[in-house]
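1. sequence first, predicted model second:
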Amino acid sequence: MSSLFGVFRLFIGSRRGNFALTAALVLPVLLGGVGLAFDMAAMVNQRTVLQNGLDTASLAAVSALAAKDKTTLNVKSYAIDFLVAQLSGQLPSNVVEDLKTSTTVVPDKNTVGTQTTYTVAMSARITVELTPLTRLLGFTNRKIAARSSTSSVVVGNALSLYLVVDRSGSMSWVTNTALLTPASCQNYADLEDWAYYPDIAATSPVT
């Protein structure tokens, strides 16, 4: 019995497996940290690509609205198709394909007087698959979202009406219609009469 207790005390007091045990506990965390660093860099890059794509697509959509090439009813599909074409080759194909359903487009048109403001707000979300090293920490994927809003102001041509009162006598040429009142007025019957402008004597009838 005493020999059995002695063996048990030796087992409890042994330190020869400490390194292996520590390595087994720490190594997954270290590898996961390395994977997380790579994935964080990749996520930052993909979010930048997504943000640039949204900015370009919203600008193209609002320009189409301002040019009246598109309306608020059909500009949504135009903006999404533009975004997908813009990001093809920059993001994985499955991620780009998901943009067709995850992207929202909200166009708006506001007219005040002769000024019309067009606005296109876009938002999108993509899923980034993480590396096997990061999955050691229990994470398989992360979602990245971005949004963009662009406005354009169009000022229409105003219609101005003017009332012109001619006091020069240039419309005083004799016509075939005689007026009863007034009894007389300045009548420029021929070109020689303009030599006396504006002091030509009043004559009748008023025509």
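-> Nice, I can see it. These numbers were taken from a predicted model, which means no experiment stands behind them.
2. right, and residue 96 touches residue 81 too?
-> No. Look at residue 96 against residue 81 with C-beta atoms under 8 Å: they stay out of range, at 11.6 Å. To be clear about C-beta, it is placed using only N, CA and C from the backbone, and glycine gets the same treatment.
3. show me which of these two is the more surrounded one.
-> Set residue 96 next to residue 81 and count neighbours by other C-beta atoms under 10 Å: residue 96 wins out with 19 against 12.
4. any chance you could list what contacts whichever strand or helix holds that one?
-> Element membership of residue 96 [criterion: DSSP states H and E] is helix 93-102. For helix 93-102, the surrounding residues in contact (C-beta atoms under 8 Å, 6 or more residues apart in numbering) are 46, 80, 83, 84, 87, 88, 124, 125, 126, 127, 128.
5. and after the helix or strand encompassing residue 41, which helix or strand comes next?
-> Using DSSP H and E, residue 41 maps to helix 18-66. Counting by DSSP H and E, the next helix or strand C-terminal to helix 18-66 is helix 75-87.
6. for that following helix, which helices and strands make contact with it?
-> Packing partners of helix 75-87 (3 or more C-beta pairs under 8 Å, 6 or more residues apart in numbering; DSSP states H and E): helix 18-66, helix 93-102, strand 104-112, strand 115-129.
7. give the contact list for residue 70.
-> 61, 64, 78.
8. got TSV for the residues you listed, with neighbour count too?
-> Shown next, in TSV, are the contacts of residue 70 (neighbours: other C-beta atoms under 10 Å):
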residue	neighbour count
61	27
64	21
78	20
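9. quick check: buried residues in the helix holding residue 96?
-> Applying a neighbour-count criterion of 16 or more other C-beta atoms under 10 Å, one finds 95, 96, 98, 99, 102 buried in helix 93-102.
10. sorry, back to before: could I get the contacts of helix 93-102 as CSV with neighbour count, pLDDT and distance to residue 183?
-> Shown next, in CSV, are the contacts of helix 93-102 (neighbours: other C-beta atoms under 10 Å; pLDDT from 0 to 100; distance: C-beta to C-beta, whole Å):
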residue, neighbour count, pLDDT, distance to residue 183
46, 19, 87, 91
80, 21, 94, 78
83, 26, 94, 80
84, 17, 93, 83
87, 23, 92, 85
88, 13, 91, 87
124, 23, 93, 83
125, 15, 91, 87
126, 24, 89, 89
127, 13, 86, 94
128, 16, 83, 95
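11. from the residues you listed, which is closest to residue 152?
-> Minimum distance to residue 152 across the contacts of helix 93-102 is 18.0 Å, recorded for residue 83 (C-beta to C-beta).
12. residue 124 versus that closest one, what's the distance?
-> Remark: distance between residue 83 and residue 124 (C-beta to C-beta, to the nearest Å) = 7 Å.
13. domain assignment for the chain?
-> 16-155, 162-207 (automatic domain parsing).
14. could you double-check that residue 197 lies in contact with residue 191?
-> No. Judged on C-beta under 8 Å, residue 197 makes no contact with residue 191 at a distance of 10.9 Å.
15. who's more crowded, these two?
-> residue 197 (13 against 7).
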